[in-house]
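Participant: Sequence plus the predicted model coming up.
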Protein chains: 2
Amino acid sequence: MRALVLAFTLALLPFEPSSNQPHAASPFSPRFAADALVQPAGYDMWPLVGSSLGLSYTGRADNGPGTFHRVYMNPTAYEAFKKTGQFPEGTTFVLESYEAQAKKSIAQGGYTEGARVGVDASVKDTSRYRDGWAYFNFENGAAPTANPFPDTRCHSCHLAHGEKDSVFVQFYPNLRGR
Amino acid sequence: MRALVLAFTLALLPFEPSSNQPHAASPFSPRFAADALVQPAGYDMWPLVGSSLGLSYTGRADNGPGTFHRVYMNPTAYEAFKKTGQFPEGTTFVLESYEAQAKKSIAQGGYTEGARVGVDASVKDTSRYRDGWAYFNFENGAAPTANPFPDTRCHSCHLAHGEKDSVFVQFYPNLRGR
């Protein structure tokens, strides 16, 4: 009987602290293999914080639409940020890029998402990275792990222009104003 | 004792079938107030199935970028569809629309999401709706409930052109090919 009560209590425990939160049972922490980040799994279930089309910081020479970007955020960090306005350690963003396709199916105007052409990520870990963040490319999902980009590649621009802790929250409706 | 065993069994039931799935603790079922759909809550945590910019089925007269669309799907239905290729009863899509903004912050090309300008939803319920689906507008989030659109408004086009069960899966990378 005592064992059963214990089992019953334990069975409830993982869901008890915030059982009405959809992601309460979904901890996510970035995993590393030495200096490389293991490609985050299951991020298609993470909340989207922003999308864009053809975003460029230098202007583009071509006249095409560019690519769609989707930026996802790991749910535990997302919920923490909504409460505190701060990015906790382990915050992970995944950037997926998709071709823009016109006149698909019955579409007569605008652009929908074609083939996926990129998977990137950023991670906050102040114990590992100067200024807290590093950036990774997973070769459109083909690379199981990725080493951080050198600081000159993503970091310096994020640091200078990301409105909040190196993050471009100004582009993300779900994070703006916090 | 028998009551405790029953309580124990019931406590486990909602989480037992797929306890390692991030959304296993996130049941979602559409709620109705008579014929009106109650506005889904917490859909910012739902998986995105597709986004688009300026999508139009008739062509547009203006030369602007149009609006961004984000289409979310309730997680339980999303996981079921990934396994079975079918939309279960209670499948709910939420469509958010955002203004497209150019040259925001350091952006020199392309479009990012500005203010939100629309919240719509669709629900599959074969007991309520002919051909299974109905469509709802929540006045950019201001309406707590919404009555279904008449069939001529969304339904007839979805039925004719949605590649799978009235859903435009052809536009959604996460649902295509299933």
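Facilitator: Received the coordinates, thanks. Residues are numbered from 1 along each chain as shown, chains lettered A, B, ... in the order given.
Participant: From the centroid of chain A, which residue is nearest?
Facilitator: Central residue of chain A (CA atoms, centre = their mean): residue A:93, 2.0 Å from the mean position.
Participant: Quick check: it is in a strand.
Facilitator: Yes - remark: residue A:93 belongs to a strand, assigned using DSSP: H, G, I helix; E, B strand; the rest coil.
Participant: How about the contacts made by it?
Facilitator: Contacts for residue A:93 (CB atoms under 8 Å, 6 or more residues apart in numbering or on different chains) come out as A:49, A:71, A:72, A:73, A:74, A:121, A:122, A:123, A:167. Yep, even glycine has a C-beta here, placed from its N, CA and C like the rest.
Participant: ranges for the helices of chain A?
Facilitator: Here chain A has its helices, by DSSP state H, at A:2-12, A:75-84, A:155-161.
Participant: what's the nearest residue to the residue nearest to the centre of chain A if we skip its chain neighbours?
Facilitator: Spatial nearest neighbour of residue A:93, chain neighbours left out: residue A:122 (4.8 Å); criterion: CB to CB, 6 or more residues apart in numbering or on different chains.
Participant: Identify the residues contacting that neighbour.
Facilitator: Per CB under 8 Å, 6+ apart, neighbours of residue A:122: A:92, A:93, A:95, A:133, A:134, A:135, A:136, A:154, A:158.
Participant: Try it again at 6 Å.
Facilitator: With contact set as CB atoms under 6 Å, 6 or more residues apart in numbering or on different chains, residue A:122 has these partners: A:93, A:133, A:135.
Participant: of those, closest to chain B?
Facilitator: Closest approach between the contacts of residue A:122 and chain B, by CB to the nearest CB: residue A:93, at 14.1 Å.
Participant: Most widely separated two among the contacts of residue A:93?
Facilitator: Greatest spacing in the contacts of residue A:93, by CB to CB: A:49 and A:123 (15.1 Å).
Participant: Between helix A:75-84 and the biggest strand by length in chain A, find me the angle.
Facilitator: Counting by DSSP state E, the longest strand found in chain A is strand A:109-124. Counting by axes from the mean of the first three to the mean of the last three CA atoms, to 10 degrees, strand A:109-124 points 90 degrees away from the direction of helix A:75-84.
Participant: neighbouring strands for strand A:109-124, and are they parallel or not?
Facilitator: strand A:92-102 (antiparallel), strand A:133-137 (antiparallel), strand B:48-56 (antiparallel) (DSSP bridges).
Participant: Which positions within the first one qualify as buried?
Facilitator: Right, strand A:92-102. A:92, A:93, A:94, A:95, A:96, A:97, A:98, A:99, A:100, A:101 (16 or more other CB atoms under 10 Å in any protein chain shown).
Participant: Next, format the contacts of residue A:122 as a markdown table and append distance to residue B:83 and pLDDT.
Facilitator: Formatted as a markdown table, the contacts of residue A:122 follow (distance: CB to CB, whole Å; pLDDT from 0 to 100):
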| residue | distance to residue B:83 | pLDDT |
| --- | --- | --- |
| A:93 | 28 | 98 |
| A:133 | 36 | 97 |
| A:135 | 34 | 97 |
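Participant: Kindly list the single helix or strand of chain A that scores lowest on mean pLDDT.
Facilitator: helix A:2-12 (a mean of 43; mean pLDDT, DSSP states H and E).
Participant: re the thing from before, quick one: which of the buried residues of strand A:92-102 is nearest chain B?
Facilitator: Using CB to the nearest CB, these come closest to chain B at residue A:98, 6.4 Å.
Participant: Identify the bridge partners of the closest one.
Facilitator: With DSSP bridges applied, residue A:98 shows beta-bridge pairing to residue A:68, residue A:116.
Participant: ok so, going back, the residue nearest to residue A:93 pairs with what?
Facilitator: residue A:93, residue A:135.
Participant: can you pull the contacts of residue A:44?
Facilitator: Neighbouring residues of residue A:44 by CB under 6 Å, 6+ apart: B:47, B:174.
Participant: mind checking how far residue A:73 is from residue B:174?
Facilitator: Distance from residue A:73 to residue B:174, counting by CB to CB, to the nearest Å: 17 Å.
Participant: Just give me the neighbour total for residue A:135.
Facilitator: 22 (other CB atoms under 10 Å in any protein chain shown).
Participant: Now do the same contact list for it.
Facilitator: By CB under 6 Å, 6+ apart, the residues touching residue A:135 are A:122, A:149, A:154.
Participant: Closest to chain B out of those?
Facilitator: Distance to chain B across these (CB to the nearest CB) is lowest for residue A:154, with 13.3 Å.
Participant: Tell me who's in contact with that closest one.
Facilitator: The contact partners of residue A:154, taken as CB under 6 Å, 6+ apart, are residue A:135.
Participant: again, 10 Å this time
Facilitator: A:120, A:122, A:133, A:134, A:135, A:136, A:137, A:148, A:166 (CB atoms under 10 Å, 6 or more residues apart in numbering or on different chains).
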